[in-house]
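**Q** Make a model of this:
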Amino acid sequence: MKQNIKRLGILIICLLAILVFYLSYLNVVRGSENVVNPHNRRLQEYESQVRRGTIYDSKGVVLATTGLSGEKNKRVYPRGSETAHILGYISEKYGRAGLESTCDRYLLGLEGADRARNYINRLLGREQLGGDVTLTIDSYLQGLALDLLGKRRGAVVLLDPRTGALLALVSNPVYDPNKLEEIWPQLIQDEDSPLLNRAVQGAYPPGSTFKIVTAAGALAARPDASRQTFNCRGLLEVNGYELEDTAVHGRVDIKKAIAVSCNTTFAQLGLDQGAQNFVTTIKAFGIDQDPGIGLPVRPGTMASPEEIIPTELAGSAIGQGELLVSPLHMALVAAAIANSGDLMKPYLVKTVKDSMGQVLQREEARHWLNVTTPQICGIIKDGMVDAVRSGTATAAGVAGVQVAGKTGSAQNPHGQTHAWFIGFAPADQPRLAVAVLVENAGSGGSVAAPVAGQLISTALNKGY
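**A** Next comes the predicted model:
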């Protein structure tokens with residue numbers, strides 16, 4: 001009997017120890033994370049006690065700040081709809097989204113010295129202050145990209161391929177977060193889905209822009225493919241299915257096939273490398289991953305290698321089939337080629353400071369993936385330069401600057417083709433990489449390429 005009581009006592013002590021350890025873990029290690037969890041009902045009450053920090057663009061322009069509305073703090077977005085999909089919103093009714101949610105613990109002063117400082121301020125009845133966040137985004141380029149899209153649905157991504165810093169991340173249509181409470185019913189009923197961040201969560205067939213990935217895989221699988229020529233007759237028969245081209249291109253090598261966007265050549269290159277190598281290349285570009293920029297990113301999707309029959313492989317090799325990607329991922333494809341196969345980790349948050357100006361976090365350029373070799377990138381780049389110089393992407397040209405690019409006109413079952421362009425500039429020493437998608441707009445060469453060209457030109461003139 002005594003032995004059983006002793007065992008029970010030991011069990012109770014062990015359970016209490018586990019409970020104390022777990023509660024300590026929740027409070028000490030996960031404390032700030034749990035406080036800012038969107039499902040935490042106390043978060044809104046805490047929000048009313050703290051003057052939330054300010055969010056700036058890379059040039060110091062205020063993107064989000066806190067003012068007073070009566071006796072309550074009110075979040076204000078000076079740039080309105082331009083940055084809505086990046087910053088997100090805060091609402092007592094509708095929760096929070098975007099970087100406002102991701103950076104909550106900094107903006108509410110729950111990290112670093114602010115955590116203790118605000119505890120003391122609360123005890124003394126003084127105002128509690130949050131920290132500030134500075135982004136990599138240039139609000140001028142952000143606004144310009146949105147203007148260039150006009151009233152068309154689509155997305156634009158602009159980044160520095162040398163560092164991964166995102167300079168513009170645009171989704172259209174937009175909404176005004178300053179009026180969220182008033183317009184929410186219309187937003188959730190709008191067929192154009194203005195709450196959807198198309199730049200990172202859109203799922204689109206990439207069309208011919210994906211031929212860059214196919215070329216990288218083909219050259220990795222068989223290096224002598226760079227010296228091979230293909231005879232384009234205007235169509236390619238695959239297991240009884242006829243894959244049509246836009247023209248009869250005759251004899252072409254990989255560089256020319258990129259420049260003129262030859263479907264039959266790239267379908268054949270996809271078949272030659274096989275499904276497993278093709279999927280391996282897609283994974284090497286990080287297309288199936290969320291790169292972790294602070295916003296939820298939809299990873300690209302495709303059929304599994306076992307399900308990729310020859311007709312699916314030929315279609316996917318030219319950016320069709322079951323393949324779906326986001327504009328961010330296609331901008332990263334361009335960035336990888338621009339940076340000689342070294343893909344840098346993309347990021348949005350540049351610095352985080354506490355309420356006293358002390359730096360808590362500073363993002364630096366970080367390597368993410370080894371995508372392919374500099375030699376393969378050089379071959380692909382030459383084809384992309386020719387595409388802008390004399391091929392399908394001439395509308396992306398910038399006076400006095402050599403631009404490398406690839407257009408796409410992606411078929412989709414829901415209407416007219418999507419217009420695509422990806423590229424980088426200057427081609428010899430790339431400082432900018434871009435992806436432009438315009439939904440149901442037709443030709444990438446005539447619709448998406450001019451948007452990219454104007455954006456690149458302006459960015460270069462601003463010193464990027």
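**Q** report the longest strand in the chain, please.
**A** Of all segments of type strand in the chain, defined using DSSP state E, the longest is strand 415-425.
**Q** Walk me through which strands it pairs with, and which way each runs.
**A** Sheet pairing for strand 415-425, assigned by DSSP bridges, gives strand 404-412 (antiparallel), strand 432-438 (antiparallel).
**Q** Buried ones in that strand, by neighbour count?
**A** For strand 415-425, a neighbour-count test (16 or more other Cβ atoms under 10 Å) marks 417-425 as buried. Quick note: C-beta positions are derived from backbone N, CA and C, even for glycine.
**Q** can you redo these as JSON lines with pLDDT and distance to Leu68?
**A** Below are the buried residues of strand 415-425 laid out as JSON lines (pLDDT from 0 to 100; distance: Cβ to Cβ, whole Å):
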{"residue": "Thr417", "pLDDT": "92", "distance to Leu68": "50"}
{"residue": "His418", "pLDDT": "95", "distance to Leu68": "45"}
{"residue": "Ala419", "pLDDT": "95", "distance to Leu68": "45"}
{"residue": "Trp420", "pLDDT": "97", "distance to Leu68": "45"}
{"residue": "Phe421", "pLDDT": "98", "distance to Leu68": "45"}
{"residue": "Ile422", "pLDDT": "98", "distance to Leu68": "45"}
{"residue": "Gly423", "pLDDT": "98", "distance to Leu68": "46"}
{"residue": "Phe424", "pLDDT": "98", "distance to Leu68": "45"}
{"residue": "Ala425", "pLDDT": "98", "distance to Leu68": "45"}
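**Q** Looking at those, which is nearest Ala203?
**A** Closest approach between those and Ala203, by Cβ to Cβ: His418, at 11.1 Å.
**Q** Just list whatever residues bridge to the closest one.
**A** Going by DSSP bridges, His418 forms beta bridges with Ala410.
**Q** these two touch, right, it and Ala435?
**A** No - using Cβ atoms under 8 Å, His418 is not in contact with Ala435, being 12.0 Å away.
**Q** And the helices in the stretch 151-300 of the chain, which stretches?
**A** 180-189, 198-201, 211-221, 254-260, 263-284 (DSSP state H, counting those that start in this stretch).
**Q** Who are the packing partners of the fourth one?
**A** The contact analysis (3 or more Cβ pairs under 8 Å, 6 or more residues apart in numbering; DSSP states H and E) places helix 254-260 against helix 211-221, helix 263-284, helix 374-390.
**Q** Convert the C-alpha atoms of the longest one to PDB, please.
**A** Coordinates of the C-alpha atoms in helix 263-284 are reproduced here as PDB (Å, rounded to 0.1, in the frame of the first residue of the first chain):
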ATOM      1  CA  ASN A 263       7.200  25.900 -78.500                       C
ATOM      2  CA  THR A 264       8.300  22.800 -80.300                       C
ATOM      3  CA  THR A 265      11.900  23.200 -79.300                       C
ATOM      4  CA  PHE A 266      11.200  23.500 -75.600                       C
ATOM      5  CA  ALA A 267       8.600  20.800 -75.700                       C
ATOM      6  CA  GLN A 268      11.300  18.500 -77.100                       C
ATOM      7  CA  LEU A 269      13.800  19.700 -74.600                       C
ATOM      8  CA  GLY A 270      11.400  18.800 -71.800                       C
ATOM      9  CA  LEU A 271      10.800  15.300 -73.300                       C
ATOM     10  CA  ASP A 272      14.600  14.800 -73.700                       C
ATOM     11  CA  GLN A 273      15.400  15.600 -70.100                       C
ATOM     12  CA  GLY A 274      12.600  13.400 -68.700                       C
ATOM     13  CA  ALA A 275      10.000  14.000 -66.000                       C
ATOM     14  CA  GLN A 276      12.400  13.400 -63.000                       C
ATOM     15  CA  ASN A 277      15.000  15.900 -64.200                       C
ATOM     16  CA  PHE A 278      12.300  18.400 -65.100                       C
ATOM     17  CA  VAL A 279      10.800  18.300 -61.600                       C
ATOM     18  CA  THR A 280      14.300  18.400 -60.000                       C
ATOM     19  CA  THR A 281      15.000  21.600 -61.900                       C
ATOM     20  CA  ILE A 282      11.700  23.200 -60.800                       C
ATOM     21  CA  LYS A 283      12.600  22.400 -57.200                       C
ATOM     22  CA  ALA A 284      16.100  23.800 -57.700                       C
END
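**Q** quick check: angle from the next helix-or-strand element following it to strand 404-412?
**A** Per DSSP states H and E, the first helix or strand lying C-terminal to helix 263-284 is helix 310-317. Angle of helix 310-317 versus strand 404-412, following axes from the mean of the first three to the mean of the last three Cα atoms, to 10 degrees, is 130 degrees.
**Q** could you say what helices and strands the next helix or strand after helix 310-317 packs with?
**A** Using DSSP H and E, the helix or strand that directly follows helix 310-317 along the chain is helix 327-338. Secondary-structure packing of helix 327-338 (3+ Cβ pairs under 8 Å, 6+ apart): strand 154-159, helix 198-201, helix 211-221, strand 342-344, helix 374-390, strand 404-412, strand 415-425, strand 432-438.
**Q** Name the stretch among these that sits most buried.
**A** Using mean count of other Cβ atoms under 10 Å, the stretch among those with the largest mean neighbour count is strand 432-438, at a mean of 30.
**Q** wait, which of the strands paired with strand 415-425 is closest to Ile456?
**A** strand 432-438 (5.7 Å).
**Q** what's the offset of the following helix or strand past the closest one from the middle of its chain?
**A** Moving toward the C-terminus from strand 432-438, the next helix or strand (DSSP H and E) is helix 449-461. Put simply, helix 449-461 sits 19 Å off its chain's centre (Cα atoms, centre = their mean, to the nearest Å).
**Q** Could you do stretch 13-20 as well?
**A** Chain-centre distance of stretch 13-20: 44 Å, with Cα atoms, centre = their mean.
**Q** Would you mind putting the CA coordinates of it into PDB?
**A** Provided in PDB are the C-alpha atoms of stretch 13-20 (Å, rounded to 0.1, in the frame of the first residue of the first chain):
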ATOM      1  CA  ILE A  13       5.200  15.400  -8.800                       C
ATOM      2  CA  CYS A  14       6.400  14.500 -12.300                       C
ATOM      3  CA  LEU A  15       3.100  15.800 -13.800                       C
ATOM      4  CA  LEU A  16       3.400  19.000 -11.900                       C
ATOM      5  CA  ALA A  17       7.000  19.400 -13.000                       C
ATOM      6  CA  ILE A  18       5.900  18.900 -16.600                       C
ATOM      7  CA  LEU A  19       3.000  21.400 -16.200                       C
ATOM      8  CA  VAL A  20       5.400  24.000 -14.700                       C
END
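**Q** pLDDT on the helix or strand harbouring Gln142, on average?
**A** In the assignment (DSSP H and E), Gln142 maps to helix 139-149. Average pLDDT, helix 139-149: 98.
**Q** quick one: buried residues of it?
**A** Neighbour-count burial for helix 139-149, counted by 16+ other Cβ under 10 Å, picks out 139-146, 148-149.
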